[in-house]
Every structure is written in structure tokens, then in C-alpha cells.
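> Here is my input; please provide its structure:
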Amino acid sequence: MIKYIPGIRCFKGKKLNTNENQFSISKNIFFLLKIISNNFEKLKFYPDFNNTHFIKIISKIYKINKNKIFISNGSDESLFFLFFLFKNFKLKIPKISYPFYNVYSSFYKIFKKNIKFKNILKLKNIFLAIPNSPTGEYFKKKNILKKIFKKKFFIIDEAYSEYYNFGYKKYINKNNNLIVINTLSKAFSAAGIRIGFIFSNKYIIEKIKLIKQCFNSYNINIISNCIGIESIKDRDYLFFKVQKNNYLKFLFSIFFNNKKKEYCNFIFLNKKIDFFFFFKKKKIFFRFFKKNIRITISSFKIFKIIINVYFFWS
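Numbers count the residues shown, from 1 in each chain. Okay, the predicted model is just below:
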């Protein structure tokens, strides 16, 4: 059985090997935490089983019917439920993509086929990330929209959609075969509260709820629920973070002569393992994928440190 190997956890140095957003979560959270501190008695109750208020907020922001929204304990749990739901289908997954796709396929013994990213739209029953992780590849929106109607089902993992075109959630109302996964872990800077979403037709959402009830009925705790609501409401700060990330990514790309268009919070470079180990000795941690290095976009201060170390390596 395949297992997922996360990026190295480091307590000293610069951690650029997992794609957490390097910028702060919405400042609204500071006010929220003060309110929670005055209402600790709420913690003696089980959380809202249906996440009613949170779903209403999401429905209003994205203009999607509340019956087409599911909230999970992180997008990895969303993936876990979806792979279970479609375990009797032959799935098509990109060859190089988020490792958990292969992990869950192995766990459920799903018959899958790994396809080159550029060729995957030619097939049916597709499960892919747009933009792709770790490569940053993507398809033009017009190409996706042409294919959505023709597929038996089409699952899109939009973990990085806020860095690209804000995704395909709005097409849920028009396409019953479309399933979209999203998360607060990336652009929203809320990886620590573990909240993910599934957007799909009412029938799929009801099936997912049934799976959830057999797995963990109360999967979003009260505090995470409140923080998630405040994070997703603060759209202005989200846009600010995305623009700041894109500017710093532009600087990273220029310095590393990376000419590929990647709409994520990382860059994917063709570097050998000696590059990885040199920076690791300097307590700067990147993610290594066979012949490539993935570097999470960080602050300008860390960018300057990387530049200085790089000149010693070269």
C-alpha cells in the first residue's frame, strides 16, 4: 500500500517545502478570538452537524445553492470521501500530481490510469488539480469548459484556484457531472484549522454526507468553524495576499530564470539533488521530486536570504 510522505517538518530554518501560505491569516480572526474567549461555554456543546451558518456564507459568496456544498475536515478528507464514492470507476489521474491521489487509489484498490497532464482532457472520468501540484501546469478555461459537458464525471481539485482564475465553482449550477474541491489551507492562510469544501450536484453531496456520517458526524469543531467563516468573508485581504504572492513569485521566477507560467504559491524548477541538499545544510528546506525542486513562495526577506545562499552554491 502506498503511503503519503509529507514535507520535512523543521523547527529551525526556512520551511519552504510545504505549500502553506507564507502570509498571515485574515486580521478579522483577532477580533473573533476575543469574542470566543468570552464565550467558552459554547465549547461544551457538539458543533453544528450541518455547518448551517458557514454553508450559508459560502453559498452567498460563491452564488451556489447551499444543497450543493459540503464542508470537510480539510480537503484531504474531501478527497478521501470522493475516492470512496468513485472506487468502482476507472479513474484517470495525472502522472505527476498531488501524491494523495495515488495513496487513496491504492488504499481503496481503485483501478486507475496515470496520464500525462497535457493529454488527460481527451479521456473520461478525470480527477485532476488545476493548477496542478507540484508542477503548476494548467489548462486554459475555454478548454476546460468545452470538455466538462462531455465527461461522465469531472473532478477538479482547486486548492490553488485563488492564484489563477478563482476556479470553476460557479459552473456547478450548470453541470451535474462537475465536482470541485477547494480548501482554506492555501490562499486563505488557514492550513492549521483543516477546512475543505466539495461543490457538486445535490445527489453527490447527499452521498458524501452519508459517507461522512458513517465516518465522523462532527468533523468541524466550533472554533475552526468560526475562524473559517471570518477567513472566507474577508475577500479584500484575500485579493491583497494573492497579489503580493504573485509579485514575489515574479521575482523568484526572474532570479531562477523560470519561464513557465505557474499560477500557484510555488515554483517548480529543474534542479538536481545536490541543489536540494546544499540548501538543506543551510537550513532552507525545499521539496525534492526526482529531478525537480519545488520552492514555496515566501517573503521578500527570505527571498534575499535564498539569493545570498544561491551565490555560494553556484
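
> contacts for the helix or strand where Phe240 lies?
Following DSSP states H and E, one finds Phe240 within helix 235-255. Contact with helix 235-255 is made by 21-23, 26-28, 61, 162-163, 187-189, 258-259, 262, 265, 267, 295, 297-300, 303, 307, 310, as judged by CB atoms under 8 Å, 6 or more residues apart in numbering. In short, each C-beta sits where N, CA and C put it, glycine included.

> just checking, what packs against the helix or strand just after that helix?
Using DSSP H and E, the helix or strand that follows helix 235-255 in sequence is strand 266-269. Helices and strands touching strand 266-269, as assessed by 3 or more CB pairs under 8 Å, 6 or more residues apart in numbering; DSSP states H and E, comprise helix 235-255, strand 292-296.

> Figure out which of the ones you listed is closest to Tyr104.
Of all the helices and strands packed on strand 266-269, it is strand 292-296 that lies closest to Tyr104, at 21.0 Å by CB to CB.

> Excluding its own residues, what touches the next helix or strand after that closest one? List them.
Using DSSP H and E, the next helix or strand after strand 292-296 towards the C-terminus is helix 300-313. Residues outside helix 300-313 that contact it (CB under 8 Å, 6+ apart) are 14, 16, 22, 248, 251-252, 255, 275, 278-279, 282, 284, 295, 298.

> Mind doing that once more with 6 Å?
Contacts with helix 300-313, where a contact means CB atoms under 6 Å, 6 or more residues apart in numbering, come from 14, 278, 282.

> Can you report how many residues lie near the first one?
Using other CB atoms under 10 Å, Lys14 has 21 neighbouring residues.

> What's the separation between it and Gln22?
Using CB to CB, to the nearest Å, we find Lys14 at a distance of 10 Å from Gln22.

> quick one: low-confidence parts of this structure?
Across the chain, the ranges flagged by pLDDT under 70 are 1, 3, 5, 7-11, 35, 38-39, 149-151, 314.

> about what we covered before: please identify the most buried of the helices and strands packed on strand 266-269.
Mean neighbour count, computed with mean count of other CB atoms under 10 Å, is highest for strand 292-296 among the helices and strands packed on strand 266-269, reaching a mean of 22.

> residue boundaries of the strands in the stretch 1-150 of the chain?
Ranges of strands in the stretch 1-150 of the chain, per DSSP state E, counting those that start in this stretch, are 14-15, 69-72, 91-94, 112-115, 126-129.

> So which of the ones you listed is nearest Ile148?
strand 126-129 (9.8 Å).

> Packing partners of that closest one?
Packing partners of strand 126-129 (3 or more CB pairs under 6 Å, 6 or more residues apart in numbering; DSSP states H and E): strand 91-94, strand 154-157.

> sorry, back to before: save the helices and strands packed on strand 266-269 as TSV, and put in distance to Phe197 too.
Output for those, formatted as TSV (distance: least, CB to CB, whole Å):
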stretch	distance to Phe197
helix 235-255	15
strand 292-296	22
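
> out of these, which comes closest to Leu33?
helix 235-255 (16.2 Å).

> so the closest one versus strand 292-296, what angle?
Helix 235-255 and strand 292-296 are oriented at 140 degrees to each other (axes from the mean of the first three to the mean of the last three CA atoms, to 10 degrees).

> Using CSV, write out every CA atom in helix 235-255.
What follows is helix 235-255 as a C-alpha-only set of coordinates in CSV (Å, rounded to 0.1, in the frame of the first residue of the first chain):
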residue,chain,number,x,y,z
ARG,A,235,-12.3,38.9,0.4
ASP,A,236,-10.3,42.2,0.2
TYR,A,237,-7.5,40.7,2.3
LEU,A,238,-7.6,37.6,0.2
PHE,A,239,-7.1,39.6,-3.0
PHE,A,240,-4.2,41.5,-1.4
LYS,A,241,-2.4,38.3,-0.4
VAL,A,242,-2.8,36.8,-3.9
GLN,A,243,-1.4,40.0,-5.5
LYS,A,244,1.5,40.0,-3.0
ASN,A,245,2.2,36.3,-3.7
ASN,A,246,2.1,36.9,-7.5
TYR,A,247,4.6,39.8,-7.2
LEU,A,248,7.1,37.8,-5.1
LYS,A,249,6.6,34.8,-7.5
PHE,A,250,7.5,37.1,-10.3
LEU,A,251,10.8,37.9,-8.5
PHE,A,252,11.5,34.2,-7.8
SER,A,253,10.9,33.3,-11.4
ILE,A,254,13.2,36.1,-12.7
PHE,A,255,16.0,35.1,-10.4
